[in-house]
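1. Below is the sequence, then the predicted model.
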Amino acid sequence: MHVMSGKSRLFGAMVMGLLSAGVAAQGRTLVANDYAQAERFMSYNVVPLVDHAVQKVEWLDNAHFWYRDHDSHGDHFMQMDAVNGNAAPLFDQATLATAIGKLTGKPVDANKLPLTGYNVKLDGRLGITLRDKQYLCDMRAAACVADKGVQGANNESAVLSPDKKYAAFIRHWNLWLRDVSTGKETQLTTDGVEDFGYATDNAGWIHTDRAVLNWSPDSKKIATYQQDQRGVGEMYTVRTKVGHPELDAWKYPLPGDDKVFMIEPVVIDVASHKVVRLKIDPQQRLSSLCDDISCSSDGHWDDLQWAPDSKTFAMVNSSRDRKQVWFRVADADSGAVRTAFDEKAATYYESGMEHVNWRYLTDSHEAIWPSERNDWQNLYLYDTNTGKELHPITTGDGNVIDVLHLDRKSRELWFIGTGRMAGVDPYFKQLWKVGVDGGRPVLLTPENADHTISMSPDGKTFVDSYSTVTTAPVTVLCSSDDGHVIATIAKADISRLKAAGWVAPVPFTVKARDGKTVLYGQMFKPSHFDPNKKYPIIDYVYPGPQTGSVRTRSFMPAQGDNQALAELGFIVVALDGMGTPWRSASFHHTWYGEMGDNTLPDQVAGIKELAQRYSWIDINRVGIWGHSGGGNTTADAMFRYPDFFKVGWAESGNHDNRNYENDWGEKYQGLLVTNKNGSTSYDNQANQDMAKHLKGRLMLVHGTIDDNVPLGETMLVADALIKANKDFDMLIIPNVHHGYAAATPYATRRRWDYFVRNLAGDTPPKEYELKAWPWM
């Protein structure tokens, strides 16, 4: 056996120390073909290789839906009859391609129509959506024109009435109405002024011109609010160009601010223009679900539901700290409001995980109410007259993720559940049916897979696309009564994908920080994996609390660039740590008030366990990267665990939530409290206060006009690193928002280079150019 001398041992230790610090060692020199091999696994290259993967449908009415079916020849737009399961072409694609070509002045491939929305108008014309713009197409004339009835001459974002006759929109802080058939416009409110306007869509990080409102079922009334943002603090971005820069300023409250967004709910009678202000104090502009009053992009006020007769509606209001919510019933004509019941939570209350799950049963004076009081999100039936709970609708372990349909006559409801079946991945979504008046829930989708469900408007049938990350989707039309299959819509074929060298991610489990709780993740290995080699490992991270690092449990040929990055000689992992959703409430709320946790104890424990399990993981070369909350987590990791994480790439991180919108931090960290000694309740999550501990290589990335997470967040960390005399890297991308738009390929390539050079110790090819993202 060769015995190293003292000097040799010292030299070896120095080399390992340099590698551990992320300093590039002498390694391979990668060439353009190596990066091209990695690029083969980007979504724009692998998605077209999957045939017949129908994972989404759009319902046209109770008995028909349309979908896009793709194969090697292109896209095929199809329509299925839900009664008999017969499928047929949705329209003549060649004719529509000609019509769109005339509209855009550019030739359009009939097999690659850029269609994102479709409907049929009363006059027989097709209503289509192209890149969020709506058009009317006459197939006989092969011609399309802008749909001014909905968008108007100024392309205002409008909300259609249920009868599709009117479109409501905002102009100059007031609410207006447009007759879709004639284009005639009518002003509904007149007292809206700057920063005190109607239906305002400004939540700080979201600030658009769309209206937020709910039409009554009879299309005669509108429920919305007048938003008071007078005196609220502002946020700023500066767009650079030749000449004077452009300053953008908008209202953006922060934790601890005295002035935050408040709303005054109103009801507007469409015919008389009468505005009825509800007899209630101004309310917080908050949601019981997400960090905006409208969690979707359709302008719907999530926490307000009309009664079928359009006479009353229910709404749920939240306290500023989200620890208390009130279920209230309002009279649309008089504006009278009464509180039926409330609920309090030790951390924060949520009414769902994907959509608001409460329901207003006006005829029986009842409400279906979601609560995590037993550590899982279950449903309860309440009497809205007495405010008393009548009985649980669902019980036990497992969550009600999403209430999809309620049959008020049969008093049955259908919901998406997770974690309700032993032996099944707790993240797999399944469809269940349960009686409102009790009884055991019935599982309608028994396959051991992740189910994506789309129910018909009348709830009689549903489309189920089920798959896992390793098995391709099967899409079927089913009966909502017992789940039996009416027709098979598509079975995905991944033979072309496999022929291109694609490999599936590897699901894994590890133990959490407590050594007991099971965590679920996915591992991405190079397609040329060699178990006799040692691979550095990169942790792709998003901490939650509203989602996690694992992008999906369903089939997806590319999850971001995880596989592409692995091709460059890395093991890439994504692990959902404690504090992320879809598990128990105690799991989800693990680090409430301690946002600096960021799941990092679980990331470290999980990677260590994987390295013990697999000898080909090099535990001395661990990298980490993420965007937004993941950018925050990355910097946090480099500061809290400087001897474990050697290289980090932190994009657009909210590094101190005191500088991020109040409705985020105040929900998950609590209200800002300043102590007598000057310390605050937010000190434990401030990355800049830990920057002095940096040892490895850290890249900070941000867009200069980020209106979600402002640029100043990254500047706080940069300033602290400079003051601590720490070396670090920075990439500031001019004139891009929270996403990097056309600069995304550049930022991605720079990230690949950073890990290749500093974690693997290799030399990347010079200025490899990734293909422009097709959707940018």
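-> Great, that's in hand. Here the structure is a predicted model, which means the values were calculated and not measured.
2. hey, where'd the strands end up in the stretch 351-500 of the chain?
-> Secondary structure of the stretch 351-500 of the chain, counting by DSSP state E, counting those that start in this stretch: strands at 359-361, 366-371, 378-383, 389-392, 399-407, 412-418, 430-435, 442-443, 450-455, 461-467, 474-479, 485-491.
3. what's the distance between stretch 744-762 and the middle of its chain?
-> 26 Å (Cα atoms, centre = their mean, to the nearest Å).
4. per-residue confidence averaged over it?
-> What stretch 744-762 shows for mean pLDDT is 98.
5. Convert the C-alpha atoms of that stretch to CSV, please.
-> Provided in CSV are the C-alpha atoms of stretch 744-762 (Å, rounded to 0.1, in the frame of the first residue of the first chain):
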residue,chain,number,x,y,z
THR,A,744,-33.9,33.7,-20.7
PRO,A,745,-31.7,31.6,-23.1
TYR,A,746,-28.7,33.9,-22.2
ALA,A,747,-29.3,33.6,-18.5
THR,A,748,-29.7,29.9,-18.8
ARG,A,749,-26.5,29.4,-20.7
ARG,A,750,-24.6,31.6,-18.1
ARG,A,751,-26.0,29.4,-15.4
TRP,A,752,-24.8,26.2,-17.1
ASP,A,753,-21.4,27.8,-17.5
TYR,A,754,-21.3,28.8,-13.8
PHE,A,755,-21.9,25.3,-12.5
VAL,A,756,-19.7,23.7,-15.2
ARG,A,757,-16.8,26.0,-14.3
ASN,A,758,-17.2,26.3,-10.5
LEU,A,759,-18.8,23.1,-9.4
ALA,A,760,-17.6,20.5,-11.9
GLY,A,761,-14.2,22.2,-12.4
ASP,A,762,-14.6,22.0,-16.2
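6. still on that earlier bit, with distance to residue 87 as new columns, can the strands of the stretch 351-500 of the chain be given to me in a markdown table?
-> Every residue, glycine included, has its C-beta placed from N, CA and C. Listed next are those as a markdown table, based on distance: least, Cβ to Cβ, whole Å:
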| stretch | distance to residue 87 |
| --- | --- |
| strand 359-361 | 33 |
| strand 366-371 | 35 |
| strand 378-383 | 36 |
| strand 389-392 | 41 |
| strand 399-407 | 23 |
| strand 412-418 | 24 |
| strand 430-435 | 22 |
| strand 442-443 | 27 |
| strand 450-455 | 16 |
| strand 461-467 | 12 |
| strand 474-479 | 10 |
| strand 485-491 | 7 |
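7. would CSV of the ones you listed with mean neighbour count be doable?
-> Shown next, in CSV, are the strands of the stretch 351-500 of the chain (neighbours: other Cβ atoms under 10 Å):
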stretch, mean neighbour count
strand 359-361, 20
strand 366-371, 22
strand 378-383, 20
strand 389-392, 14
strand 399-407, 21
strand 412-418, 23
strand 430-435, 21
strand 442-443, 14
strand 450-455, 20
strand 461-467, 24
strand 474-479, 21
strand 485-491, 17
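8. and of those, who's closest to residue 207?
-> strand 399-407 (27.4 Å; Cβ to Cβ).
9. Centre of the chain to that closest one, how far?
-> How far strand 399-407 lies from its chain's middle: 19 Å, per Cα atoms, centre = their mean.
10. Can you tell me which helices and strands it packs against?
-> With contacts taken as 3 or more Cβ pairs under 8 Å, 6 or more residues apart in numbering; DSSP states H and E, strand 399-407 sits against strand 366-371, strand 378-383, strand 412-418, strand 450-455.
11. just the angle between that strand and strand 461-467, please?
-> 160 degrees (axes from the mean of the first three to the mean of the last three Cα atoms, to 10 degrees).
12. Is it correct that residue 508 falls within a strand?
-> Yes. Counting by DSSP: H, G, I helix; E, B strand; the rest coil, residue 508 is found in a strand.
13. Could you tell me how far it is located from residue 524?
-> Separation of residue 508 from residue 524 (Cβ to Cβ, to the nearest Å): 11 Å.
14. hang on, the earlier thing: in TSV: the helices and strands packed on strand 399-407, plus mean pLDDT and distance to residue 269.
-> What follows is these, written out as TSV (pLDDT from 0 to 100; distance: least, Cβ to Cβ, whole Å):
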stretch	mean pLDDT	distance to residue 269
strand 366-371	98	26
strand 378-383	98	30
strand 412-418	98	32
strand 450-455	98	32
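15. Now distance to residue 664 too, for the ones you listed, in CSV please.
-> Below are the helices and strands packed on strand 399-407 laid out as CSV (distance: least, Cβ to Cβ, whole Å):
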stretch, distance to residue 664
strand 366-371, 21
strand 378-383, 26
strand 412-418, 24
strand 450-455, 28
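16. Out of the ones you listed, which gets nearest to residue 719?
-> strand 412-418 (42.4 Å).
17. Now the closest one - C-alpha only, CSV.
-> The C-alpha trace of strand 412-418 is given here as CSV (Å, rounded to 0.1, in the frame of the first residue of the first chain):
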residue,chain,number,x,y,z
GLU,A,412,-73.4,15.5,-4.0
LEU,A,413,-70.0,17.0,-4.6
TRP,A,414,-67.0,16.0,-6.5
PHE,A,415,-63.5,16.9,-5.3
ILE,A,416,-59.8,16.4,-6.0
GLY,A,417,-58.1,14.8,-3.1
THR,A,418,-54.5,13.9,-2.1
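18. Residue 553: which of the strands of the stretch 351-500 of the chain is closest?
-> The minimum distance between residue 553 and the strands of the stretch 351-500 of the chain falls on strand 450-455, with 4.1 Å, by Cβ to Cβ.
19. picking up where we left off before, so between residue 508 and residue 524, which is more surrounded?
-> Taking other Cβ atoms under 10 Å, residue 508 and residue 524 do not tie; residue 524 has more neighbours (26 against 17).
20. Roughly how far does that one sit from residue 763?
-> 23 Å.
21. what's the answer for residue 330, then?
-> 66 Å.
22. So which of those two has more stuff around it?
-> The neighbour comparison of residue 330 against residue 763 (other Cβ under 10 Å) goes to residue 330, with 23 against 16.
23. Enumerate the beta-bridge partners assigned to that one.
-> residue 313, residue 337 (DSSP bridges).
24. so it makes contact with residue 316?
-> No. At 11.6 Å, residue 330 does not count as touching residue 316 under the criterion of Cβ atoms under 8 Å.
25. which ones are touching the closest residue in space to residue 286 that isn't next to it in sequence?
-> Spatial nearest neighbour of residue 286, chain neighbours left out: residue 318 (4.3 Å); criterion: Cβ to Cβ, 6 or more residues apart in numbering. Contact analysis of residue 318 by Cβ atoms under 8 Å, 6 or more residues apart in numbering lists 284, 286, 287, 288, 303, 324, 325, 349.
26. can you rerun that using 10 Å?
-> 283-289, 293, 303, 324-326, 348-349, 351, 663, 667 (Cβ atoms under 10 Å, 6 or more residues apart in numbering).
27. Select only the buried ones of the residues you listed in PyMOL?
-> With 16 or more other Cβ atoms under 10 Å as the criterion, this PyMOL line picks the buried residues out of the contacts of residue 318:
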select buried, resi 283+284+285+286+287+288+289+293+303+325+326+348+349+351+663+667
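28. Make sure I have this right: residue 658 is in a helix.
-> Yes. Counting by three-state DSSP, residue 658 falls inside a helix.
29. Would you agree it is in contact with residue 684?
-> No. Using Cβ atoms under 10 Å, residue 658 is not in contact with residue 684, being 11.7 Å away.
30. shared neighbours of those two, anything?
-> residue 669.
31. what's the spacing between residue 103 and residue 641?
-> In terms of Cβ to Cβ, residue 103 sits 55 Å off from residue 641.
32. from memory residue 754 sits against residue 646, does it?
-> No. Look at residue 754 against residue 646 with Cβ under 10 Å: they stay out of range, at 11.8 Å.
33. still on that earlier bit, so what sits against both of residue 330 and residue 316?
-> The contact lists of residue 330 and residue 316 share residue 304, where a contact means Cβ under 10 Å, 6+ apart.
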